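Asker: Below are the sequence and a predicted model; questions follow.
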Amino acid sequence: MEFAEIEAELEQIRRGRPRGAKSAHQPAALILSAQRAARGQDRVVPWRDMRAQLAEAIAAVGGSVDQETIAERVLGLKDSPIVDFVFSAPSTSRDSGPADRLLDERNPLLGLSDGVYQALGDRENLERFAKLAVDGLPDRQARSIREYFGIFAGFGEVPGVSVGALFRDRADLVKHGVHRNGQAGIVGTRERGAESVVVSGGYEDDKDLGDVIIYTGHGGRDQVTRRQIEDQTFDAPGNAGLVTSHVDQVPVRVIRRASAGYRYDGLFQVERYWSERGRSGFMVCRYRLVKVADEGGQGLDLPAATTLPSGNVAPERKLTTAARILRQRVLSRAVKELHDHRCQLCDIRLVIAGRGYAQGAHIRPLGQPHDGTDTADNLLCLCPNCHVLFDNGEILVADNFEIRSSYANRGVLRTVRDHRINLDNLAYHRGMFAGVAVGVVSSARTR
Ligand SMILES: [Zn+2]
């Protein structure tokens, strides 16, 4: 299928979208299916297998996770030539009922049509597809969706590329989407953070300690002699990108020069950044990169989703630690952006290096035995003080969002329209501290 045709069909879908183009449901369903093409997975999958993942993606970007809404929007794609719906049983009179029930009972196979699936084998087409699929959504939401599905945003692991993979040259790295610039050492921007860095030993100040790398920013070198001739600044795009990666705690891909070409060495966190005088005598930007430890694919250990009670279920998934961190960051970044990094409990808005700073705090903790979901409705946007107080039960939130705490705060949890909180999670959190003496502010320390 020609890409121009696909483009036209995506435009048709966008125009037909209910409530204008603002709903995230169809874009998320399309990109979820496109991701299957990118990974060489089955072209079509049963509805029951994809709905939990779809709901999770929609929750992450702040869309409505009402089951009927999701089903209705997905069913709205049925007549598009770029989408395949395969119903195994003939339709019945019951098909006129709620979309949710119809999809659930008939469990059709669904995915992209064969022509589209083939076309998306090409990475460039894939990115264009993702971009067009989110067309018409508010910028923030469009970005969140593409980021949620990772591969399109360029962050995190690259599907099909494992740690240790070798590449002939810089062009080969670009071609595989591992480091998407043939020249620069850092791919990134201040706005979004850095996706990848190449450690090539090109800078005299770089120090490679294996799982820790003291990395030097870019700029200030003579093009010909490669000598440092002026100070580096944190305003240079790549340098600013690494600072954003630190503030947002989004891991960065590290590529090292190998004996023959380049090697992908996994994801690293930017633990710290600072400036110092380099050997040349000029100021350089420095970063301490620390490898994200991997537990060998041990991921979230959450129960498999068979139904969608209240619409927030994390499907069973074995993610690598690095992938899990990245996914959590994407989720919490979406939530933090909805609140403009302002603490929901005390209204403080911290700013680090000109970037808003807040933390995504899980209401019901992840992992056993609590098994909280990694979804937006289980996250609060908090300042670090409120985060630690909340995690330890010194701040509790009632169902009417009233705050119970002996610390000065807003009195009522601040909420925004697009970020819903699951009240069951708040109840669970309160329950965790029912038998603990919290809220006792000791005066002993002042004596
Ligand atoms: Zn706070």
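Answerer: Perfect, thanks for sending it.
Asker: What residues does the stretch 201-350 of the chain have near the ion?
Answerer: When proximity is defined as C-beta under 5 Å from the ion, the stretch 201-350 of the chain approaches the ion at Cys343, Leu345, Cys346. The way it works is simple: take the backbone N, C-alpha and C, and place the C-beta from them, glycine included.
Asker: want to try a markdown table for those residues, with pLDDT, neighbour count and secondary structure as columns?
Answerer: Shown next, in a markdown table, are those (pLDDT from 0 to 100; neighbours: other C-beta atoms under 10 Å; DSSP: H, G, I helix; E, B strand; the rest coil):
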| residue | pLDDT | neighbour count | secondary structure |
| --- | --- | --- | --- |
| Cys343 | 97 | 24 | coil |
| Leu345 | 96 | 27 | coil |
| Cys346 | 95 | 20 | coil |
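Asker: residue ranges for the helices of this protein, please.
Answerer: 3-16, 25-38, 47-60, 67-75, 99-106, 114-119, 123-133, 139-148, 170-175, 237-248, 321-338, 384-391, 423-432 (DSSP state H).
Asker: which strands and helices sit next to the fourth one?
Answerer: In this case it means helix 67-75. helix 25-38, helix 47-60, helix 99-106 (3 or more C-beta pairs under 8 Å, 6 or more residues apart in numbering; DSSP states H and E).
Asker: Tell me which of these sits nearest to Val163.
Answerer: helix 25-38 (19.2 Å; C-beta to C-beta).
Asker: Show me what that closest one is packed up against.
Answerer: Under the contact rule (3+ C-beta pairs under 8 Å, 6+ apart), helix 25-38 is packed against helix 3-16, helix 47-60, helix 67-75, strand 109-112, helix 114-119, helix 123-133, helix 139-148.
Asker: So for the third one, what gets flagged as buried?
Answerer: Right, helix 67-75. Gln67, Thr69, Ile70, Ala71, Glu72, Arg73, Val74, Leu75 (16 or more other C-beta atoms under 10 Å).
Asker: what's the closest non-adjacent residue to the first one?
Answerer: Translated: Gln67. Asp100 (4.8 Å; C-beta to C-beta, 6 or more residues apart in numbering).
Asker: how many other residues sit next to the one you found?
Answerer: 19 (other C-beta atoms under 10 Å).
Asker: sorry, back to before: could you dump the helices of the chain to TSV with mean pLDDT?
Answerer: Listed next are these as TSV, based on pLDDT from 0 to 100:
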stretch	mean pLDDT
helix 3-16	88
helix 25-38	87
helix 47-60	82
helix 67-75	89
helix 99-106	86
helix 114-119	91
helix 123-133	85
helix 139-148	78
helix 170-175	91
helix 237-248	93
helix 321-338	75
helix 384-391	95
helix 423-432	96
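Asker: Can you give the contact residues for stretch 33-42?
Answerer: 43, 45, 83, 110-112, 116-117, 120-121, 123, 126, 129-130, 133, 149, 151, 159-160 (C-beta atoms under 8 Å, 6 or more residues apart in numbering).
Asker: swap that for stretch 75-89, please
Answerer: So stretch 75-89 is in contact with 1, 6, 9-10, 12-13, 16-18, 26, 29-30, 33, 43-44, 99, 102-103, 106-116, going by C-beta under 8 Å, 6+ apart.
Asker: Now with 7 Å, please.
Answerer: 6, 9, 12-13, 16, 26, 29, 44, 99, 103, 106, 108-113, 116 (C-beta atoms under 7 Å, 6 or more residues apart in numbering).
Asker: Could you list which of the residues you listed also contact the ion?
Answerer: Within these, nothing lies near the ion by C-beta under 5 Å from the ion.
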